[in-house]
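S.K.: Starting from these lines, generate the structure:
(2 chains)
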Amino acid sequence: RKEVEQDPGPFNVPEGATVAFNCTYSNSASQSFFWYRQDCRKEPKLLMSVYSSGNEDGRFTAQLNRASQYISLLIRDSKLSDSATYLCVVTLNTGFQKLVFGTGTRLLVSP
Amino acid sequence: EPEVTQTPSHQVTQMGQEVILRCVPISNHLYFYWYRQILGQKVEFLVSFYNNEISEKSEIFDDQFSVERPDGSNFTLKIRSTKLEDSAMYFCASSEAPPTSGRPLFFGPGTRLTVL
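M.R.: Residues are numbered from 1 along each chain as shown, chains lettered A, B, ... in the order given. Below is the predicted model:
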């Protein structure tokens, strides 16, 4: 089983739509969780950290379900500028400084 | 807003040559990293560096790779004898604290390495 699994997409949505991405991780002792976004041939940029109680940042909401080892990202009122690849990222307890990336989910928002 | 910088943005080299990729982490950060991304693949961990020594490395980071913090600002990745399969985007990153503490990493814009 892959350490971090994501649906690669692409998800094609119109502007204004709500879209949700899911991610599962294999290591039950994983400690920290993040969503990054990556534009084509650019560096990963932090979108938001994911907290156990769930958290929201503007149009973005992240949820964590430790029992199911599942993380989600919800984007409301999609903008054209949201088109990117969304990377689910976790830390493993085996190496305290290592981030493990999923392959990413590609989002295309169209007018 | 402080950011991680990397030079060069693109490096082309012949197989077997040595390359040095340079990074300037965010100034108050203490943890430094190199990751790489082969075109079309996921971002992969190479090495982490703290307190002037390697704290963790992946199996990719073999004897051909080394890292150094030669002064108070630069952080370098050296590949001694490049192979075709080293062609990738190399990202430097830094953080205030280990990511298991919940603190995120901040990435530089990357160096695209092409080995011919």
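
S.K.: Quick one: check stretch A:45-56 for contact with chain B.
M.R.: Yes - counting by Cβ under 8 Å from any Cβ of the partner chain, contacts between stretch A:45-56 and chain B involve A:45, A:46, A:49. Where you see a C-beta, it was placed from the backbone N, CA and C, and this is true even at glycine.

S.K.: what residues does that stretch touch?
M.R.: A:32-39, A:57, A:60-64, A:66, A:71, A:73, A:86, B:102, B:104-107 (Cβ atoms under 8 Å, 6 or more residues apart in numbering or on different chains).

S.K.: Show me what counts as buried in it.
M.R.: Buried residues in stretch A:45-56, defined by neighbour count with 16 or more other Cβ atoms under 10 Å in any protein chain shown: A:47, A:48, A:49, A:50.

S.K.: Out of these, the closest to chain B would be?
M.R.: Checking these against chain B by Cβ to the nearest Cβ gives residue A:49 as the nearest, at 6.1 Å.

S.K.: chain center to the helix or strand where the closest one lies: distance?
M.R.: Residue A:49 belongs to strand A:45-50 when assigned by DSSP states H and E. What separates the centre of strand A:45-50 from the centre of its chain is 8 Å, taken as Cα atoms, centre = their mean, to the nearest Å.

S.K.: Also stretch B:51-65?
M.R.: Stretch B:51-65 sits 10 Å away from the centroid of its parent chain (Cα atoms, centre = their mean).

S.K.: contacts for it?
M.R.: Residues outside stretch B:51-65 that contact it (Cβ under 8 Å, 6+ apart): A:95-98, B:30, B:36, B:44-49, B:67, B:69, B:77-81, B:83.

S.K.: and the worst-scoring helix or strand of chain A on mean pLDDT, what does it pack onto?
M.R.: When the helices and strands of chain A are scored by mean pLDDT, DSSP states H and E, strand A:99-101 comes last with a mean of 93. In terms of contacts (3 or more Cβ pairs under 8 Å, 6 or more residues apart in numbering or on different chains; DSSP states H and E), strand A:99-101 is packed against strand A:84-91, strand B:43-50.

S.K.: Neighbours of the residue nearest to residue A:3 when sequence neighbours are not counted, how many?
M.R.: Leaving aside its chain neighbours, residue A:3 sits nearest to residue A:100 (4.9 Å; criterion: Cβ to Cβ, 6 or more residues apart in numbering or on different chains). Using other Cβ atoms under 10 Å in any protein chain shown, residue A:100 has 22 neighbouring residues.

S.K.: Likewise for the one 10 residues further on?
M.R.: By the criterion of other Cβ under 10 Å, residue A:110 has 11 neighbours.

S.K.: Now do the contacts for it.
M.R.: A:12, A:13, A:14, A:15, A:80 are the contacts of residue A:110 under Cβ under 8 Å, 6+ apart.

S.K.: Kindly report the same for residue B:10.
M.R.: B:111, B:112, B:114.

S.K.: what's across from the second one in the sheet?
M.R.: Put plainly, it is residue B:112. Taking DSSP bridges as the rule, residue B:112 bridges to residue B:10, residue B:89.
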